[in-house]
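A.B. asks: Need a 3D model of the following:
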Amino acid sequence: RVLLADGEPASLALMKNELEEAGHYAVTATEGENAISLTRTRVQYDAIVLSAELPIRNGPKVVETIGGWCAGIPVVGVLQVGGHYYEASKDEDDFREVGVSHFLQKPLRAGALLDMIQKIVSSSPPRTESVDVGDRDKPLKILVVDDHAANRLLLGKMLSKASKTKSRTNSPNSNGSGDEP
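C.D. replies: Numbering: from 1, shown residues only. You can find the predicted model right below:
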């Protein structure tokens, strides 16, 4: 179960599609506040993927906010590159300050997200919550956050089509409940 958050609809769609093609479940959101709300649901995520550049609350601020109730869940910071080296470097520093140690850079190469998720999920110690999340043969649940409704819709369709699994998207005004498949 992975939570994905990105403010760029096209990136969000590509990430969600990649994971769902591999048989994982993806949940999407388009901004930081929605991602925070979705972490407060009954869903226990195996990993969280956050873009540094999210509307309302950026990736590092989201990590800082959810740290108390999502401690131990690996977080992947997605950095924007392409002519903005200083900004990407600052974003990485901001993520590191809140404990993030896994990074991907946009534009993402094909397979990069799936490789990262499989690496961190397989190397994470089993969690001991009362919710059963220990069976790694089950598809991952992934939360994807994007601020554009068209991107969320596109990603949801791509992921559902690729994996023949359920895919839900929330509007920016959604309270985030009900994302359990």
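A.B. asks: Which residue comes closest to residue 59 once chain neighbours are left out?
C.D. replies: In space, and not counting its chain neighbours, residue 59 is closest to residue 50: 3.7 Å by C-beta to C-beta, 6 or more residues apart in numbering. Bear in mind the C-beta positions are built from the backbone N, C-alpha and C, glycine included.
A.B. asks: likewise residue 32?
C.D. replies: residue 57 (3.0 Å).
A.B. asks: Surely the one you found and residue 33 touch.
C.D. replies: Yes - between residue 57 and residue 33 there is a contact under C-beta atoms under 8 Å: 5.6 Å.
A.B. asks: residues near residue 98, how many?
C.D. replies: By the measure other C-beta atoms under 10 Å, the count of residues near residue 98 is 17.
A.B. asks: ok, now residue 45?
C.D. replies: Neighbours of residue 45 under the rule other C-beta under 10 Å: 24.
A.B. asks: Can you tell me the element it falls in?
C.D. replies: Using DSSP states H and E, residue 45 sits in no helix or strand.
A.B. asks: Please report the distance of residue 7 from residue 62.
C.D. replies: 11 Å (C-beta to C-beta, to the nearest Å).
A.B. asks: Of these two, which one has the most company?
C.D. replies: Using other C-beta under 10 Å as the criterion, residue 7 and residue 62 rank with residue 62 on top: 29 against 23.
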